[in-house]
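**Q** Sequence isn't available, so here's the structure alone:
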């Protein structure tokens, strides 16, 4: 009875610990109570992603397989119990009983050694596959996070656009009462105000779509998706040291090129950027090599390709392992002829003895099968090497493209930023000119529209720049911490 109570208690404790572990996992996959930072979003997306969860379980299987293969080098112990009854008396009794223990220990086994190595390489394969999924999710979450912020920034621009035209409508209505404006001007201004509303509503709709896509990446419920509040209000391109350094480097071309006093700063700046885009790359050859070296250490696809070479090499060694003998030690506790026949004796007259031996097995010839297996494995190894070279070239090309995207995004950002500064000054100047009667209302509306377009372009350039930056990090895989990639503990 006590045994049953003890077993029941242990069962309850085990289930309680599992429930507690599941509860902790569930709590870690919920939205935080405050504003959602990018780091929070990344952790939440990784924790809730089903593909990553399945990949962690695959990593768990690979780890257990590796440990199981290591167990092949440990001694194995087996027991035998035998009881029989014959129809006729065999001289002593109708009943026969037997029991024995056998222990086997592998001493030399090249195939077993290669199986352990293959299991470790298979574990690394699962690890790199999981790292690739995490790397992809990080890029998607970052782009989606800043896409939502971009939508909010564009809504803010359109709202400011509407407010400028709304103020202009009120001003024209007041002037109409004073007789300094016409009904035509008032109506045209009202039409211009109405024309700004569709863009505002379009960005609101786009924000809802992108917010929903972002919530799906986080794998949160629809109710929780409505409560997502992002911690960032703007796209922080100027908080990234690499981008700040390169932006300053490109902007220095502007400062160093103001030589002709007859040209405005903007003309010189634009001419400088047009020339620099073709003749002076932002990233040097040494920097490209440095990024390639980092990718050699972190990029999951490249590490996987290198691991495939090791797997193919293991295939060659496994095929060659049949050339070597296997040696194992066997110890028995029973009768002296245990190896050859089932020993037996009377239940009340059993005699136990021990016996040990070393067994050598060597396949001397198998019809040239192993020779062909070796050649087959060597061909697979050469194929793996070619695929690695292809992956390396693809990595270099990918990094070069990402660096070029950053370079062009910097040019676009600086151009858009200068356009916004000029447009902002033009609005105040145009308003003063309108009040003095120097320009028409149509000219003022054009200046306001240009400012809205410039601000919209600047926001887009911010998003493209930070997106290009994170695409570079994704191409390199630098955000993957392989020490933290562990198998799942919930299965």
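**A** Arrived safely, thanks for sending. This structure is a prediction, so every number in the text was calculated from the model and none was measured.

**Q** now the helices for this protein?
**A** Secondary structure of the chain (DSSP state H): helices at 2-27, 38-48, 50-70, 110-178, 183-218, 222-225, 241-256, 265-279, 285-298, 300-320, 369-436, 441-476.

**Q** Run a quick neighbour tally on residue 400.
**A** 15 (other Cβ atoms under 10 Å). C-betas here are computed from N, CA, C, even on glycine.

**Q** Flag the shaky bits of the stretch 251-400 of the chain, pLDDT-wise.
**A** Applying pLDDT under 70 to the stretch 251-400 of the chain flags residues 253-280, 335-351.

**Q** Next, work out how far apart residue 116 and residue 67 are.
**A** Distance, residue 116 to residue 67, using Cβ to Cβ, to the nearest Å: 10 Å.

**Q** Neighbour count for these two, which is higher?
**A** Per other Cβ under 10 Å, whichever of residue 116 and residue 67 has more neighbours is residue 116, with 18 against 12.

**Q** OK, contacts around the nearest residue to the more buried one once chain neighbours are set aside?
**A** Counting by Cβ to Cβ, 6 or more residues apart in numbering, residue 69 is the residue found nearest to residue 116 once chain neighbours are left out, at 4.6 Å. Contacts for residue 69 (Cβ atoms under 8 Å, 6 or more residues apart in numbering) come out as 112, 115, 116, 118, 119.

**Q** separation between residue 69 and residue 59?
**A** Plainly put, residue 69 is 16 Å away from residue 59 if you go by Cβ to Cβ.

**Q** How about residue 159?
**A** Distance from residue 159 to residue 59, counting by Cβ to Cβ: 48 Å.

**Q** now residue 470
**A** To residue 59, residue 470 is 25 Å away according to Cβ to Cβ.

**Q** Please apply the same query to residue 444.
**A** Residue 444 is 64 Å from residue 59, by Cβ to Cβ.

**Q** what angle sits between the lengthiest strand in the chain and helix 110-178?
**A** Counting by DSSP state E, the longest strand found in the chain is strand 95-108. For strand 95-108 against helix 110-178, the angle by axes from the mean of the first three to the mean of the last three Cα atoms, to 10 degrees is 70 degrees.

**Q** Pretty sure residue 211 sits against residue 224.
**A** No - counting by Cβ atoms under 8 Å, residue 211 does not reach residue 224; the two are 11.6 Å apart.

**Q** need the contact list for residue 30.
**A** Residue 30 makes contact with 220, 224 under the criterion Cβ under 8 Å, 6+ apart.

**Q** do the one 10 residues further on as well
**A** Applying Cβ under 8 Å, 6+ apart to residue 40 gives the contacts 32, 231.

**Q** Surely residue 164 is in contact with residue 450?
**A** No - between residue 164 and residue 450 there is no contact under Cβ under 8 Å: 11.8 Å.

**Q** count of neighbours near residue 233?
**A** Residue 233 has 11 neighbours, counted by other Cβ under 10 Å.

**Q** Do you know the pLDDT at it?
**A** Predicted confidence (pLDDT) for residue 233: 90.

**Q** Phi and psi next, for it.
**A** Dihedral angles of residue 233 (phi, psi; degrees, to the nearest 10) stand at phi -110, psi -20.

**Q** okay but residue 72 is in contact with residue 116, surely?
**A** Yes - using Cβ under 8 Å, residue 72 is in contact with residue 116, at 7.3 Å.

**Q** ok, now which ones touch the nearest residue to residue 122 once chain neighbours are set aside?
**A** Using Cβ to Cβ, 6+ apart and skipping the chain neighbours, the partner closest in space to residue 122 is residue 62 (5.2 Å). If you count contacts by Cβ under 8 Å, 6+ apart, residue 62 has them with 119, 122, 123, 125, 126, 127, 487.

**Q** one more time with 6 Å, if that's ok
**A** 122, 123, 126 (Cβ atoms under 6 Å, 6 or more residues apart in numbering).

**Q** for those residues, which one is nearest residue 412?
**A** residue 126 (41.1 Å; Cβ to Cβ).

**Q** In this structure the closest one contacts residue 60, no?
**A** No - with contacts counted by Cβ atoms under 6 Å, residue 126 stays clear of residue 60, the gap being 8.7 Å.

**Q** With neighbour numbers in mind, choose between the two.
**A** It is residue 126, of residue 126 and residue 60, that has more neighbours when counted by other Cβ under 10 Å, with 21 against 18.

**Q** how near is the more buried one to residue 480?
**A** Between residue 126 and residue 480 the computed distance is 14 Å (Cβ to Cβ).

**Q** first vs last residue of stretch 62-81, how far apart are they?
**A** Stretch 62-81 has an end-to-end distance of 35 Å (Cα to Cα, to the nearest Å).

**Q** now stretch 229-244
**A** This stretch, stretch 229-244, spans 27 Å end to end (Cα to Cα).

**Q** any idea how far it is from the chain center?
**A** 21 Å (Cα atoms, centre = their mean, to the nearest Å).

**Q** Buried residues, that stretch. List them.
**A** Of the residues in stretch 229-244, 230, 232, 235, 237, 243 count as buried by neighbour count, 16 or more other Cβ atoms under 10 Å.

**Q** Report pLDDT for the closest residue to the second one other than its chain neighbours.
**A** This means residue 232. In this structure, residue 232 finds its nearest non-sequential neighbour in residue 149, 5.7 Å apart by Cβ to Cβ, 6+ apart. For residue 149, the pLDDT comes out at 96.
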